[in-house]
Each structure stands twice: as structure tokens, then as C-alpha cells.
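Generate coordinates for the sequence data below:
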Amino acid sequence: TSFAGSIGIIGIATILSMSSGFENYIAKVEEDTLSTYPVTITETNMDYSSALSSMMISEPVENPDENTIYVNNVMSEVMKAVNEGIHTNDLKGFKGYVEENKEEWDKHAIVQYNYGVDINVYTVEKENDKVIDAEKIVPFELDSTTIKMMQEAGVDASSIIMMMNSMPGWSEMINNKALLESQYDIVGEWPDSPNEVVVVVDKNNTINDFTLCSLGLENFLDILMNSVSENPKPYTYTFDEILNKTYHIVPSSAYYQDLLGLGIYTRDNSIANIKDNIEEKKTIEVKVSGIVKQKENATAASINGVIGYTHSLVEELVKLSNNSDVVNAQMKNENINVLTGLPFEGTATLESNLSKFGQRDLSKPSSINIYPKSFEDKDKIEELIDVYNEGKEENKQITYTDYIGLMMSSVSTIINAISYVLIGFVSISLVV
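Modelled structure (predicted):
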């Protein structure tokens, strides 16, 4: 009996030890995953939990007929929950609060501001420092000749364009070098300026063929024809071919030109216009400073695309657009649409034009990502948000959804439940 009791006690200790180990593992996963799923505050926030809860409601029917099927009025409840669950956040006010208390926030998190800036990427061919040619690679586009060829072959070109632009391409990196260094090994150097980017490969030093377009390494049509050929050739590149490869990032404002000198701006997507902007240094040249690969012991990776760029690049693009001729012309004529020379009408507004031209107010982000430095710091972040909300009317408060916290709490609950059940079985064996 004493032997059996000892076995039972050892069993309980083992279960508790395993449970503790799982909890420690979850804590590690939580901290790594925080870089992938930050606390995100958007301009409009939707309370999805209320909408989902309304779908689960099943109203009882008085004196139901066993041979009759009754229908719950779920749709109206969902629509009501959706309408009531939409909340507008004052991101300008909240950013001001964060900046005023920057020292405290910096202790616990990396705060990254997003402005919805378009990233237009070109590869450029030069000869004696003169631009000979330029090709747009991001966003993905097809020329008219290729579109015609695809249509003749019965292929929907618009679907291809949509698919290619939905693939991981160029993405902004988290502004935390220490975290990036803990997640990735690098050949070369991490970016130290707006003019540097990194290329991301997987654990086998491979990239997908569709990303070759985003890197400007191959033409889409060539890749497509190669993929359907009987003997497709393998694509391989040396690190030296990738490192120091250069690109030009073109601000949205560069596409709008006063071609006739009448103060009426026209969108000009021509390569000639892009070449002029490059020559006049109205674009940002970037080079690949490093090639990164996720470390084997890293449970999460924070770079979402095949090329990672810095937040400072975004700020430089905003500065270029904000100081552009088209933005200045529109700001001086707030009631006149500089695209038509006429007063604004219909859906065209001052705000929509400025947004189209790439103008952004750096004090008013479109969303805010908060990356806690640890899971304990995440609790502190929630407290800091509560401090901001304190004393404000409900419609003036900041709301957000902590998805990773919800997921991890569910996992912890399941592990605890399993542990309790196993302890229960061992405890019964001790009594018996």
C-alpha cells in the first residue's frame, strides 16, 4: 500500500511538473507571439464578440408544436449588435497621450504608428548615373500586352493581379532591433536608415517563385511560362546577387503632374514621369543591407513579407508627399479640386484628394500597434490605456481587442482542466 501510495504521489508530482512546464512554454510562446499579434488600436473598432454572441441566441418558443420548425430572428440581432458595436477611436488624442508619457511607455512596449502609406517600388536601370529604364514591381501590375495574351488564353488577368498583390511582399518591420536579432540570423547588416531593407528567406534558404517579382529578380511572364514548361529551370541566386541590390520607392504624389502649367494636375503613370522623379531625387533609393532567416528556437517571426523595411522609410515618404507640388497646390485651394479645376462635388473631397496624393498628418495615425516587451508588460499597457480612458465619456474612450490574450487564456484553461482530471484519477487510485 505504501508503495502504491508513493507511486500515486510521484504521479501527482509528475503531472504538476508537466503542467508547470506547459505553462512556462506557453509564457515563452506568448512573449514571442506578441511581436506577431500586437495590441492593435484602429480608427474604428468593432466588438465582434457581441455579434458572435447574438448568433448563438436561441429563443424558446411557448407551447411549441413538435411537427413545426421555428426560425430565430438572428439577422436583426446581428445587425443591431454590429451597429452598436462600432466605436470610433481618437487616435490623434491617444498618440498625444503616448508621446507625453513616452518614458513610461518605452519601459513596457514598442509603439508603432501606421499611416496607410502606399509603397510603390521600382527597379531602375542606370548608365553613367543616368536613368535608362524603370519597371514597377510593387504593387504588382501587368502591361497591356501581357493582359491581352492572358485574355486570349482564357486567363482572368484581374484575378492574377489580385492574387499576386495579396501575397506577402514588402512589409514594415517592428521597430525593435533586439527582438529582430532574437528571432533571426542575418548575413549582412540590419537596416540603420530609411535607405536599407532586408530580404527574408526560410530555414532552407528558399523563397517562393511568385516573390521573385516583388524582388525584381524575374519577370512574371517568364516565371509563368517556366512553371508550365516540361522542363522548368530552377531559379537560384547567390547572396552577393541579392545584397546591395537597389530599388526606388516612389511617393504617391509623384504620379500627379501639372502637365499644362494651368494648376490642373493629371495622373501620369508613365515611365518617363518616374524617370524624371528619380532624376530630380523625388524618390527614395533603398538597398538590401542583409538577408535574414528565422532562428530554429524562435517560435514566432515578426516580419510578414519577403522584404522588410523600416518605419523611418514610411516617415520619409510622408515628408516627400507632404512637401510635393500637388499637395501644396491642393492645400492652397481647399475648395477647388486640383484634378479638375472645379469646386469639389460628388465623392471627391479635399480629404480624399490629399489621401490620394499621399499626404498624411503624422500626429494622426490610421492605426496603432503596441508591442509589449513581455507578457507582464502587456498587463501594464492595459493599465496605461485604462488611465487614458479614466473620466472620459464612453464614446471618447479607446477600445481594442486582445486576440492573443484570449487565445492563450483558452489554452491555459484547457491545460489546467486536463491537469485537474489527471490529478483526480491519481487521487482516486491513492484512496483505492
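
for the stretch 101-250 of the chain, which spans come out with low pLDDT?
For the stretch 101-250 of the chain, no stretch is flagged by pLDDT under 70.

so where do the helices sit in it?
Using DSSP state H, counting those that start in this stretch, the helices of the stretch 101-250 of the chain run over 102-108, 144-152, 157-166, 177-183, 220-228, 239-242.

Dump those helices into JSON lines; add mean neighbour count and distance to Ser193 as well.
Where C-beta positions appear, they are placed from N, C-alpha and C, glycine not excepted. Listed next are those as JSON lines, based on neighbours: other Cβ atoms under 10 Å; distance: least, Cβ to Cβ, whole Å:
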{"stretch": "helix 102-108", "mean neighbour count": "13", "distance to Ser193": "21"}
{"stretch": "helix 144-152", "mean neighbour count": "12", "distance to Ser193": "35"}
{"stretch": "helix 157-166", "mean neighbour count": "13", "distance to Ser193": "27"}
{"stretch": "helix 177-183", "mean neighbour count": "16", "distance to Ser193": "13"}
{"stretch": "helix 220-228", "mean neighbour count": "13", "distance to Ser193": "30"}
{"stretch": "helix 239-242", "mean neighbour count": "13", "distance to Ser193": "19"}
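
Take those and write them to JSON lines, including distance to Thr310.
As requested, the helices of the stretch 101-250 of the chain are exported to JSON lines (distance: least, Cβ to Cβ, whole Å):
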{"stretch": "helix 102-108", "distance to Thr310": "18"}
{"stretch": "helix 144-152", "distance to Thr310": "33"}
{"stretch": "helix 157-166", "distance to Thr310": "22"}
{"stretch": "helix 177-183", "distance to Thr310": "10"}
{"stretch": "helix 220-228", "distance to Thr310": "27"}
{"stretch": "helix 239-242", "distance to Thr310": "18"}
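
Which among those helices is found nearest to Glu296?
helix 177-183 (10.9 Å; Cβ to Cβ).

got the contact list for that closest one?
Applying Cβ atoms under 8 Å, 6 or more residues apart in numbering, the external contacts of helix 177-183 come out as 32, 35, 110, 173-174, 190, 292, 294-295, 298, 300-303, 371.

what about Thr349, neighbour count?
Number of residues near Thr349 (other Cβ atoms under 10 Å) recorded here: 12.

quick one, what contacts it?
No contacts exist for Thr349 under Cβ under 8 Å, 6+ apart.

nearest to His248, of the contacts of helix 177-183?
Met173 (19.5 Å).

can you pull the contacts of the closest one?
Residues near Met173 by Cβ under 8 Å, 6+ apart: 180, 191, 198, 302-303, 308-311.

would CSV of those residues with distance to Val228 be doable?
CSV is the format used below for those (distance: Cβ to Cβ, whole Å):
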residue, distance to Val228
Leu180, 38
Pro191, 37
Val198, 32
Ser302, 35
Ile303, 31
Gly308, 31
Tyr309, 33
Thr310, 38
His311, 40
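
before we move on, back to that, tell me the one of the contacts of helix 177-183 nearest Asp129?
Nearest to Asp129 among the contacts of helix 177-183, with distances taken as Cβ to Cβ, is Trp190, at 28.2 Å.
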